[in-house]
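1. give me coordinates for this.
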Amino acid sequence: MLYVSLGLLRSNLNFLYVHDAGIGVTGHTNFAGQTSGSSSITAAIELLWIAIYAVKFCFLAQFKFHKPPYAYVSLHLTRYYWSCIGICTAAFLFTVAQPIILCPNNGKCLYFQQSDTIAWEIAVTAVDILTDLLVISIPLLLIHMAHFTRSYTIINASFKSLSIFTIAIAATRLAIQINASHQRINYLPMTFWLSVEASLAIIMASISSYRVPILDCLQARTANQRDGSARMRSHKLWFATTPLRQSDTAWSNPVTSDQVSSLSELPMVNTGNRNPLV
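-> Here you go, the predicted model:
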């Protein structure tokens, strides 16, 4: 999907550059009969938005609040999760419909006519940033409720907040895409930064998969340190209570501390209380 959209944009770069130069020189466009590439650009924008929202829904799909153990975490958090699902779905439908409304065909494309599309583009960018914040808030709330050490909290929060980079790109696009001197949207930087956001969103989704191996390594290291401390205490106790004899050739294995259950998978909370209304 990302490759197809980038290919469509690349095949219409000349058209975008000519349009950008026309705005910069005259302050308006005169492309009657020269909008043959507008349909391809609309399709590319659609595919880029679909890729961006696909990543958002992938992050949301990690939390299955419709069944245990997530359903036992908090009733209010479960309702908040489904509210986020509804808001993201509505935002996706609005965002996908926006390019079709502005540019339904080559002859009626508001992208390259003397039409003000600033409000539309600001709206979809604001909705994009809002949905990213909602996606980030769910794992952060779970981490806040969890009984984690500082290292586990930092690692989980870092990997679950990677969408902050796409928010930064969206804010950059919002600031750069508006041609302040002519009060129009410049679709050359707009499509460029939208491509960057879609690519970065997919990269961040891929990086988040490294959270589990890192937490497993941290857990194994912590368990080894605890076993070493328990072994040291056991040996000291043995020396204090048992006289050393020449015939002693081996020591019995010391008692180790209980192994900590894996914290690599969410929910990152103590689910000992099975009351779903907690």
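
2. how about the helices in the stretch 101-250 of the chain?
-> Listed in chain order, the helices of the stretch 101-250 of the chain (DSSP state H, counting those that start in this stretch) span 118-145, 150-160, 163-176, 187-207, 211-241.

3. go through those helices and name the closest to residue 40.
-> Closest of these to residue 40 is helix 187-207, at 11.1 Å (criterion: Cβ to Cβ). The C-beta positions use only the backbone N, C-alpha and C, and glycine is treated the same way.

4. just the residues contacting that closest one, thanks.
-> By Cβ atoms under 8 Å, 6 or more residues apart in numbering, the residues outside helix 187-207 that reach it are 2, 5-6, 9, 16-17, 19-20, 41, 44-45, 48-49, 51-52, 55-56, 58-59, 111-112, 121, 159, 162-163, 165-166, 169-170, 172-173, 176-177.

5. again with stretch 125-141
-> Contacts to stretch 125-141, defined as Cβ under 8 Å, 6+ apart, come from residues 52-53, 56, 59-60, 63, 77, 80-81, 84, 87-88, 91, 94-95, 156-157, 160-161, 163-164, 166-167, 170-171, 173-174, 266, 268.

6. please identify the buried residues of it?
-> In terms of neighbour count (16 or more other Cβ atoms under 10 Å), stretch 125-141 has its buried residues at 125, 127, 128, 129, 131, 132, 134, 135, 136, 138, 139, 141.

7. quick revisit: filter the contacts of helix 187-207 down to the buried ones.
-> Of the contacts of helix 187-207, these count as buried by 16+ other Cβ under 10 Å: 2, 5-6, 9, 16, 19-20, 41, 44-45, 48-49, 51-52, 55-56, 59, 111-112, 121, 159, 162-163, 165-166, 169-170, 173, 177.

8. can you tell me which of these are in strands?
-> The strands, defined by DSSP state E, take in nothing from the buried ones among the contacts of helix 187-207.

9. pLDDT value on the spatially most central residue of the chain, please?
-> Centroid check for the chain by Cα atoms, centre = their mean gives residue 163 as the closest residue, at 3.6 Å. Note on residue 163: pLDDT of 89.
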